[in-house]
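J.: Just to be clear, the model below is a prediction. Sequence and coordinates:
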Amino acid sequence: MHLDITCTLRRTRIITNPKADADPVASYKELNSVDTGPISRSKRRSAPEASWNPGLYPVEILGETVDGYVRVHFTGWSKKYDQVMKEDELEEIQVNKDPLKDLGILLKENLTVGTKIDSFVRLRVPLIQDDFQRLAECAVIVKSTRTKTTYTISSRHMLKGVFGNNWDFRILNKEGDNCYIKTSTLKFYLRKRRALREYEIQTTDSGQYQLKSCEKEKGTQLVISFVKCAGNHRMLPHLANDALL
């Protein structure tokens, strides 16, 4: 018969006297009687003061107060720097951001490889009809139904004008390992997102509360899917020149 026995070894420990020229002591009781000298404590570093340079800082409005004041949070800063400011001190700036450029970056971010990473990718991105039309004009219709029209591409070069060069592959390291989109598998379409349904509280003339159903539109959404493949340095000439991958 085999027995698993776990043993705990008890080792003798000595307590070192904090004074370098003193002998070790045998117990905590003896240590209490030893003059250890002054004890130095490390000082916690205080947080540096914020350095505010002249210019514009992006902020998020957390809520309104009275008399035209709002509470703001400075984007990227700790909440301890939140301030209450006059609303007229804030300047609203329209940022001309191209959602298709962001989509191109998102495609690149999903070009990764690994043993546990699925080769099939499906992305859902909020996109308005006008921006989708720019994308659709560079593609061809592969299927059309009552609810959606699906597009594809017959050449990698068809989407260069939207996403730029090298939009469909990513070189992962200096050895030339890469990940790319298999051209024939790329498909996309625009769908209307299902409205958010909820109930609002309303007060009747008699002071009673009642619930009324309402819907909030969530806009349209681009659905784009493709199969990604892994390659090595031998694939580089094809990535640079071929119309199809």
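T.: Yep, that arrived.
J.: Roughly how far does Thr115 sit from Met235?
T.: As for Thr115, its distance to Met235 is 19 Å (criterion: C-beta to C-beta, to the nearest Å). In short, each C-beta sits where N, CA and C put it, glycine included.
J.: Return the set of buried residues in the longest helix belonging to the chain.
T.: Counting residues, the longest helix in the chain under DSSP state H turns out to be helix 99-109. Applying a neighbour-count criterion of 16 or more other C-beta atoms under 10 Å, one finds Pro99, Leu100, Leu103, Gly104, Leu107, Lys108 buried in helix 99-109.
J.: what's the third one in contact with, if anything?
T.: Contact criterion C-beta atoms under 8 Å, 6 or more residues apart in numbering gives Val125, Leu127, Phe163, Leu222, Ile224 as the residues in contact with Leu103.
J.: now the buried residues of helix 99-109 as TSV including distance to Cys138?
T.: Listed next are those as TSV, based on distance: C-beta to C-beta, whole Å:
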residue	distance to Cys138
Pro99	15
Leu100	10
Leu103	13
Gly104	13
Leu107	14
Lys108	18
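J.: from the residues you listed, which is closest to Gly207?
T.: Gly207 has its nearest neighbour among the buried residues of helix 99-109 in Pro99, at 47.1 Å by C-beta to C-beta.
J.: quick one, phi psi at the closest residue to the closest one other than its chain neighbours?
T.: Nearest in space to Pro99, with sequence neighbours left out and distances taken as C-beta to C-beta, 6 or more residues apart in numbering, is Asp131 at 5.3 Å. Geometry field for Asp131 lists phi and psi as phi -70, psi -40, criterion degrees, to the nearest 10.
J.: Much appreciated, bye for now.
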